[in-house]
Every structure is written in C-alpha cells, then in structure tokens.
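Asks: prediction below, plus the sequence it came from.
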Amino acid sequence: MVRLSKVEQIKSWNLYLVTEEELSAGRKTIEIVQEAIAGGVEVIQLREKNLPLIERYHLGRELRKITRDYNVSFLVNDRVDLALALDADGVHLGQEDLPLSEARKIMGWEKIIGISVSNITEAKLAEQGGADYLGVGSVYPTTSKKVEDIRSHLGPEGIRKIRAECHLPLVAIGGLNRDNCIPVIRSGADAIAVITALTKVSNVQEEASKFKKVIVRTKEQVKSK
C-alpha cells in the first residue's frame with residue numbers, strides 16, 4: 001500500500017483508539033486493535049503505560065505490522081525512542097514529556113508529533129512550536145487516566161475556545177463516547193480519541209463502525225452550514 005504523508009493521514013482521522021489492555025475487559029490489545037480497524041478506526045496509539053518497555057516494544061512490533069497492512073496511522077504515547085524503534089508514524093507527547101522542540105530534532109519533520117493540551121496557552125505554544133495536531137482534554141470526566149482538576153471537564157466550550165485560537169487539527173479526548181461526541185465535533189474537534197468507549201464493549205468492530213458514522217455525519221453537517 002502507498003503510505004500517506006503525515007498531513008494526509010491526519011486529515012483522514014475520525015476515530016482514534018488509545019490502547020490499554022488493563023481496560024480491555026480481559027481481552028488482548030491485539031484483538032481489540034484488529035476489531036477496531038475492521039470497524040473503521042483510522043489511528044492507533046500504543047499507550048500501555050503499565051507494561052515494561054520491552055513488552056511495549058514487542059507489542060508495538062505487532063501493532064506496527066497490522067497498522068501498516070491496513071494503512072492505519074500508528075503512534076506511540078510519550079516515548080520518542082520507542083516510536084523511532086518501531087518506525088511508528090509519530091508520537092504523542094504530554095506536557096511533562098520531552099519538549100516538542102527536542103522531539104522534532106530527533107524525529108524530523110516527516111513524523112507526526114501530537115501534543116496534549118488543556119488550555120489556549122498550551123495550544124498556541126504547541127502550534128508555534130511545530131506540532132502536527134493537538135490532543136485536547138479531558139473533555140468530560142474520565143477514569144481511564146489520572147487528570148488534574150485544572151485539566152479536566154473542558155466540555156464542548158473548551159474545545160470551541162481552543163478552535164477559535166488555533167488552526168491545528170484537534171483530537172478531543174476524555175470521557176467521550178458515541179452518545180456525547182456530537183457537541184464536541186460541532187465545537188470544532190476534527191477527531192475523537194477513546195479508550196474504554198471501544199475497549200470495554202462486547203463488539204468492538206460494531207461499536208467502532210457506529211461511532212465513526214456518527215462522527216463523519218456530524219462533520220459533514222458542520223461543513224454544510
């Protein structure tokens with residue numbers, strides 16, 4: 001398959017899965033990812049924070065093969081070294097990870113670098129620093145990861161404020177599901193990132209397919225206005 005440029009990849013994103021086997025109802029991450037891709041997920045982020053690095057590396061090798069076979073974007077959470085070792089499409093960095101400027105020096109401009117932000121100041125700094133997209137959240141309360149109160153409960157209004165000040169693609173994350181994502185997209189989110197909204201359902205492929213349809217339909221409605 002022809003590999004898309006990073007801009008083409010990001011433009012294609014609607015539904016973004018962050019992996020976490022501990023939150024996958026007893027199933028393996030590989031199984032979850034395969035079903036999610038079959039349901040239409042366009043980007044997989046390897047998280048698995050509690051796995052030793054060597055285990056994340058071996059899991060990442062399997063995910064890299066699957067995502068490459070299906071032309072799905074593959075990112076690594078936090079670790080620039082792991083992203084490069086796996087030849088991932090890019091990395092997603094938090095505010096306490098390696099600075100964006102240093103990550104870009106190491107990874108170059110062909111790789112995707114996403115930055116987690118929760119306010120306009122962080123968003124502007126990431127945009128000025130050369131980030132490719134922003135992970136904005138937590139939009140709603142979430143139990144999937146620890147989020148400081150100051151960084152939580154942004155709601156659709158928080159997305160709207162950042163959208164008004166920033167031109168980068170916005171990936172909304174935090175407490176999102178098929179039922180509550182519509183106002184978030186209408187507020188300016190370009191894609192929706194989830195963990196348990198897919199990992200804990202009984203039929204991942206079916207839920208991913210339904211979820212993606214809601215996202216695509218809502219984005220089309222926004223564009224038509």
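Replies: Perfect, thanks for sending it. A quick note: this is a predicted structure, and the numbers were derived from the prediction, not measured.
Asks: so what secondary structure elements neighbour the helix or strand containing residue 104?
Replies: Secondary structure from DSSP states H and E places residue 104 in helix 100-107. Applying 3 or more CB pairs under 8 Å, 6 or more residues apart in numbering; DSSP states H and E, one finds that helix 100-107 contacts helix 80-85, strand 90-93, strand 112-117, helix 120-129. (C-beta placed from N, C-alpha, C; glycine too.)
Asks: closest one to residue 198 among these?
Replies: Residue 198 sits nearest to strand 90-93 of all the helices and strands packed on helix 100-107, at 17.1 Å, using CB to CB.
Asks: if we can go back for a sec, now the helices and strands packed on helix 100-107 as JSON lines including mean pLDDT and distance to residue 50?
Replies: Below are the helices and strands packed on helix 100-107 laid out as JSON lines (pLDDT from 0 to 100; distance: least, CB to CB, whole Å):
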{"stretch": "helix 80-85", "mean pLDDT": "98", "distance to residue 50": "15"}
{"stretch": "strand 90-93", "mean pLDDT": "98", "distance to residue 50": "17"}
{"stretch": "strand 112-117", "mean pLDDT": "98", "distance to residue 50": "19"}
{"stretch": "helix 120-129", "mean pLDDT": "98", "distance to residue 50": "26"}
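Asks: so which of the ones you listed comes closest to residue 14?
Replies: Of all those, it is strand 112-117 that lies closest to residue 14, at 15.4 Å by CB to CB.
Asks: quick one, that closest one and helix 100-107 angle?
Replies: With axes from the mean of the first three to the mean of the last three CA atoms, to 10 degrees applied, the angle from strand 112-117 to helix 100-107 works out at 160 degrees.
Asks: so residue 127 sits against residue 170, correct?
Replies: No. Using CB atoms under 8 Å, residue 127 makes no contact with residue 170, being 10.8 Å away.
Asks: between those two, which one's more packed in?
Replies: Shown here are residue 127 and residue 170; by other CB atoms under 10 Å, residue 170 has more neighbours (24 against 19).
Asks: would you map the helices across the chain?
Replies: With helices called from DSSP state H, the chain shows them at 6-12, 29-38, 53-69, 80-85, 100-107, 120-129, 155-165, 182-186, 196-199, 204-224.
Asks: so of the ones you listed, which one's packed in deepest?
Replies: A comparison of the helices of the chain by mean neighbour count, using mean count of other CB atoms under 10 Å, puts helix 196-199 on top with a mean of 23.
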